[in-house]
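1. Compute the structure for the input listed below.
(chains A, B and C)
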Amino acid sequence: MNNSYLLESLNTAQRKAVSAPLESQLVLAGAGSGKTKVLIHRIAWLIKNYNINPSAILAVTFTNKAANEMRQRISNLLGDDLQGIWVGTFHGIAHRLLRRHGKYANLSDNFEIIDVDDQLRIVKKIIKEMNLDDQRYIPKKILSFINSKKDSGLRASHINPGYRYDIKVKVEIYKRYSIYCQQNSVVDFSELLLRVHELFLYNKWLLEKYQEKFKYILVDEFQDTNSLQYAWLRLLSGDNNNLMAVGDDDQSIYGWRGARIDNMHSFVKDCNNITPIKLEQNYRSSSNILQAANAVIAHNEDRFNKQLTSKLAEGEKIKIYAAVDDNDEAIYIANYVKKIAAKGDKWQDIAVLYRSNAQSRLLEELLVQNSVPYRIYGGSRFFDRAEVKNVIAYLRVICFEDSNLALERIINFPPRGIGEKTVEKIRENSENTNNSMWLSLTGLLADSNTPTNIISKLEAFKELILYFREQLQQLSFTDLVKQVIIKSQIIEHYKKDNTSGITRIENLEELVNACGQFANSMTEEGVTDTKEQICEFVDHVALDNKNKTDKQQDCVQLMTMHSAKGLEFKHVFITGMEEDIFPSRPAVEENNINEERRLCYVAITRAMRYLYISYSSIRTLYGYNRNSKPSRFIKEIPEELLEHVKLTSKVSVNSKRNFKFNTKKKYKSIFKTGTKVRHPKFGDGVVAASSGSGEQEKITIKFDQSIGEKTLVLKLANLTSIY
DNA sequence: TTTTAGACCATTTTT
DNA sequence: TGGTCTAAAA
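-> Numbering: from 1, shown residues only, chains lettered A, B, ... in the order given. Next up, the predicted model:
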């Protein structure tokens, strides 16, 4: 049997990783070094060269996207030989284990997965119940406290609050939160992992069974694992010495979410000081770009010390543009993007990156003005939309009779006159009797103290839900969803809303499609029961919440540097390279510069051929114009790699020169007589005269005939210049 | 129950 | 600045 074909397309380091001995390995995979390729070839190698049964392999990723890609690529490489392999996200795998062995983890078999939204509702409820001041105990903060404790593997009982009263309170809330979840059979994201950890910890036979099963474990993006995930992996790996961790310490940008680069160092130690295999050959970027990336990241300490090298040519220098203000920066980008496209590259070859989402607005505005097609990544995800969640809450109530959270969400949606006090009554009764709210609701109907008008409303709601439950036997999943949307009058409700009603209805149509597709694939797998399909769907939606897919194809990609991780583009613009923007202000204050620098490294290494960096002297932030300084990261790039862009455009040159003369009178510098400006209310106009200076400066602008001339205080006028 | 006005606040995001 | 959330008013 000759398996050398699995190694042929690899370089030396990759080959070393793929064909490494069957022991734990740490692979340090630099940006663009073929990390995924190594992973899938390693899996193929295990199967082909060692005759390892695919079902003995567990491959763990962070995102569904990565898991899907991996599964796809292994299957392309091996054909159908991957029967039984486990490829999934941490959460997906944990979920699978809990559905199988829930009873050993003290979970009922119909537990529900809840999202942050539901979590927050629970926390708010508890804070109210405990009569706490929600200004002092801010629900969101408390929730992140709970989640971060869970992510470090800590239960409330594990936390010693010491003498700190507020921590005592937090821990108490955490405790009550856990009790609520247990009673309601709901499990949050972190809980999935925590439960599995405990499942294995307290059921040794089960752990041994899985240790026996998974002869080989691979983890992707290892630098992003948190303490709990690492503990989880170690537990599962046991003494098998069979864990291949692939990651890049330099690309660890999720520390704020609990990720610990430290796990990489611990891993080395825990594995008897294994020598990491370094993948340093980069196949993505030209060498100037890589040199810049290397130079920047070299400022961090305690690294594993990789040095990426490129076999590609030097390539273009990094173009750096010093903008007068953020508007000017956006104009520059919009114009440059058009130039790139005019030369023949596609819009989709271009990415514009920024540190924070707020920066996208201006860019977006100017791209629109210049008729450049673009797509913004991130933002609200499909299953997070209120209208979609509401329908799913209906499905939850229909399928899980006891789902209090879902019930509360829809009992008065669309508004049917069941007010807060009635809900309160139901909730109270439910708490006193230990029944679900659904049962309490039924109880209230029989209670002679309940006012008749309330009874009729509750009765109508009950009938509605009962009707849907009946239809579970008759209707397909898709038809049931349609019925829910129509019969519950959700459509009617959104039709009345003429601001966002139409898009909401469109989203619901999309939801119906999604349900249809899901139902089809379920049917193919032999799951034909509607109720069963819905249950699976609800889980699926919770664990794989895709970004809203925009159908538009060839467009410029706008996204944060974080969401750019793992992607690559021929042209990359890194914008807002200013102190307090990038590195961001909070990061500077909290002394998290190293992570910002890694983010910078990630951003730079996204570029294949052309990298453009821009910063500006004035930036509007929170409604104020602020002077900003170039980012320290710019200085960390060797000067010889940079090319400073000078614009030939007259206006920009002028405003820049004026700006230099008048650093204090920043307003006057931009709006000289004759400058074309735009006002949010009055539209476009031309500056006719100006008086005063600094913050007192007033300018007279000639607008469209219907408006005429206006004299405005410049500072308040909110003008933008149009070049 | 819905609308509106004022308060407040503000990185990064997956599951 | 502007988006979100809460509390008061219609």
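2. And stretch A:477-496, what's buried?
-> Using 16 or more other CB atoms under 10 Å as the test for burial, stretch A:477-496 gives A:477-485, A:488, A:490-491, A:493-494. For every residue, glycine as well, the C-beta is placed using N, CA and C.
3. List, one by one, the residues from chain A near DNA strand C.
-> Applying CB under 7 Å from any atom of the strand, we find that chain A lies next to DNA strand C at A:361, A:620, A:622-623, A:718.
4. Which of the buried residues of stretch A:477-496 fall within helices?
-> A:477-485, A:490-491, A:493-494 (DSSP state H).
5. if we can go back for a sec, which pair of the buried residues of stretch A:477-496 spans the longest distance?
-> Within these, two members stand farthest from each other by CB to CB: A:477 and A:493, at 22.6 Å.
6. tell me which element residue A:600 falls in.
-> Assigned by DSSP states H and E, residue A:600 belongs to helix A:593-604.
7. Check what contacts that helix and list those residues.
-> Residues outside helix A:593-604 that contact it (CB atoms under 8 Å, 6 or more residues apart in numbering) are A:31, A:250-253, A:255-256, A:289, A:292-293, A:296-297, A:299-301, A:353, A:355, A:561-562, A:564-565, A:572, A:574, A:582-584, A:587, A:611, A:633, A:636.
8. Out of those residues, which are close to DNA strand B?
-> Of the residues in the contacts of helix A:593-604, proximity to DNA strand B by CB under 7 Å from any atom of the strand holds for A:253, A:256, A:355, A:562, A:584, A:587.
9. got the contact list for residue A:314?
-> A:286-288.
10. Quick one: which of these is the most crowded by neighbours?
-> For the contacts of residue A:314, the largest number of neighbours (other CB atoms under 10 Å) sits with residue A:288, at 26 neighbours.
11. Does that one touch residue A:295 like I think?
-> No: assessed by CB atoms under 8 Å, residue A:288 is found out of contact with residue A:295, at 10.6 Å.
12. Dump the buried residues of stretch A:477-496 to CSV, plus pLDDT.
-> Listed next are the buried residues of stretch A:477-496 as CSV, based on pLDDT from 0 to 100:
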residue, pLDDT
A:477, 94
A:478, 94
A:479, 94
A:480, 94
A:481, 94
A:482, 93
A:483, 92
A:484, 93
A:485, 92
A:488, 89
A:490, 88
A:491, 87
A:493, 84
A:494, 83
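13. Closest one of these to DNA strand B?
-> residue A:493 (7.8 Å; CB to the nearest atom of the strand).
14. For the closest one, give its distance to residue A:391.
-> 12 Å (CB to CB, to the nearest Å).
15. Among the residues of chain A next to DNA strand C, name the ones in helices.
-> Those of the residues of chain A next to DNA strand C lying in helices (DSSP H): residue A:361.
16. mind showing which ranges of chain A have poor pLDDT?
-> Counting by pLDDT under 70, chain A has low-confidence residues at A:1, A:81, A:547-552, A:648-723.
17. got the contact list for residue A:254?
-> With contact set as CB under 8 Å, 6+ apart, residue A:254 has these partners: A:224, A:562.
18. how near is it to residue A:566?
-> According to CB to CB, residue A:254 and residue A:566 sit 12 Å apart.
19. Tell me which stretches of the stretch 201-350 of chain A form helices.
-> Using DSSP state H, counting those that start in this stretch, the helices of the stretch 201-350 of chain A run over A:204-213, A:227-237, A:262-270, A:287-297, A:326-342.
20. Can you give me the buried ones in the third one?
-> By 16+ other CB under 10 Å, the buried positions in helix A:262-270 come out as A:262-264, A:267-268.
21. distance between that helix and the chain's centre?
-> Computed by CA atoms, centre = their mean, to the nearest Å, the chain-centroid distance of helix A:262-270 equals 26 Å.
22. Just give the number of residues close to residue A:343.
-> Neighbours around residue A:343, by other CB under 10 Å: 7.
23. same question, residue A:373
-> Residue A:373 has 14 neighbours, counted by other CB under 10 Å.
24. how close does it sit to residue A:82?
-> Taking CB to CB as the measure, residue A:373 and residue A:82 are separated by 38 Å.
25. ok, now residue A:453?
-> Residue A:453 sits 61 Å away from residue A:82, going by CB to CB.
26. now do residue A:495
-> As judged by CB to CB, residue A:495 and residue A:82 stand 48 Å apart.
27. Which stretches in the stretch 501-650 of chain A count as strands?
-> Applying DSSP state E, counting those that start in this stretch to the stretch 501-650 of chain A gives strands spanning A:556-560, A:569-574, A:607-621, A:624-627, A:642-644.
28. Distance to residue A:150 and mean neighbour count added to the ones you listed, as a markdown table?
-> Listed next are the strands of the stretch 501-650 of chain A as a markdown table, based on distance: least, CB to CB, whole Å; neighbours: other CB atoms under 10 Å:
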| stretch | distance to residue A:150 | mean neighbour count |
| --- | --- | --- |
| strand A:556-560 | 26 | 22 |
| strand A:569-574 | 35 | 24 |
| strand A:607-621 | 34 | 23 |
| strand A:624-627 | 38 | 12 |
| strand A:642-644 | 45 | 14 |
